[in-house]
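Chemist: next comes the sequence, and after it the predicted model I'd like to discuss.
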Amino acid sequence: MSQWDAEGQRWVPGSSPATGSGEPPPDSDLSRVLIVAALVVLLLAVAGTAVWVRSGDDGAGGGGTVLTTPSGPPPTAFGDDLPGTADPYGSDTYEPDPPAQEEVPPAPDGPADTVRSYYEAINSGDYDTAWELGGKNLTKSFSAFTSGFAETASDDVRVTDTVGDTVHVDITAYQTDGSRQTYTGTYTVLDGTITSARVRRTG
C-alpha cells in the first residue's frame, strides 16, 4: 500500500521520496525510541509490584504492611497538647500541702472570762486545763486539787463585779448526794491566770 510524502509525491515503503535510497523517514526512529521507553517503564512497574507483593507474603499470616494516616492535628512544637505531658508554663507544678497547725484554745478576753473558763474546765472534768488556769496557784499538789472536787457534781459561778484584776463571784456547788453549798469571794487574775483567791462559804 503506497503513501504520499510531504510534497504530494507517491512514496513506496522501503524507498525515500527524496533520494530513493530505501531509508525510512526520520520520524520512525523517534517512534521506536518512545515505544521502547514505554515498555521499559511498564516492565519496571510490573517488577516493582511483584517485589512488593512478595515482601508482603513473607510476614506472619501472609499480610502486607498497611500504612495508615494519623488523624487529628499534629502536636505542637512544645508538646503541651500531648497526653501525659505537663504544661510547660507550670500550671501543673507540685505545691505541697501547708503544714497542719495545732488548734490553740483562745485566751480569755479578761479576768472575768478567765474565772468562767476555770469553772467550765472543772465542770467538764478537764482538770489539767483548770490547773493551768490557776488551780496550781490555789492548791499545793495536783492530786489534792482534783480530790477537792470528788463530791461535787457541778459548780454554778456568777460574776457579780470586776475591779481591775479582781473578780467578785457567787458560787453554788451542787454535790453528788443532791445537796448544794454556796460561796462568795474574789479571784485575782494576772495575764490570764488566777494567782490567788479569797472565798468563804455562805450556806
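Modeler: Looks like it arrived, so ask away. Numbers count the residues shown, from 1 in each chain.
Chemist: please count neighbours and contacts with C-alpha atoms only from this point.
Modeler: Fine.
Chemist: pLDDT weak spots in this structure?
Modeler: Residues of the chain meeting the criterion pLDDT under 70: 1-29, 47-109.
Chemist: now the helices for it?
Modeler: Secondary structure of the chain by DSSP state H: the helices cover 27-57, 111-123, 127-132, 142-147.
Chemist: which of the ones you listed sits most buried?
Modeler: Burial of these is given as mean neighbour count (mean count of other CA atoms under 10 Å); helix 111-123 ranks first at a mean of 20.
Chemist: gap between residue 128 and residue 122?
Modeler: 9 Å (CA to CA, to the nearest Å).
Chemist: over to residue 195?
Modeler: From residue 195 over to residue 122 the distance is 17 Å, taken as CA to CA.
Chemist: what of residue 150?
Modeler: Residue 150 is 11 Å from residue 122, by CA to CA.
Chemist: what bridges to residue 163?
Modeler: residue 166 (DSSP bridges).
Chemist: burial count for it?
Modeler: 10 (other CA atoms under 10 Å).
Chemist: and if you look at the one 4 residues further on?
Modeler: When counting by other CA under 10 Å, one arrives at 23 neighbours for residue 167.
Chemist: how near is it to residue 155?
Modeler: Counting by CA to CA, the gap from residue 167 to residue 155 is 17 Å.
Chemist: ditto for residue 145
Modeler: Applying CA to CA, the value for residue 145 to residue 155 is 15 Å.
Chemist: same check, this time on residue 196
Modeler: 19 Å.
Chemist: just residue 176 next, same as before
Modeler: Distance, residue 176 to residue 155, by CA to CA: 11 Å.
Chemist: higher neighbour count, these two?
Modeler: residue 155 (19 against 13).
Chemist: show me what contacts the closest residue to that one other than its chain neighbours?
Modeler: The spatially closest residue to residue 155, leaving aside those adjacent along the chain, is residue 173, at 4.5 Å (CA to CA, 6 or more residues apart in numbering). Neighbouring residues of residue 173 by CA atoms under 8 Å, 6 or more residues apart in numbering: 152, 153, 154, 155, 156, 180, 181, 182, 183.
Chemist: tell me what residue 173 is bridged to.
Modeler: Beta-bridge partners, per DSSP bridges, of residue 173: residue 155, residue 181.
Chemist: cool, thanks, talk later.
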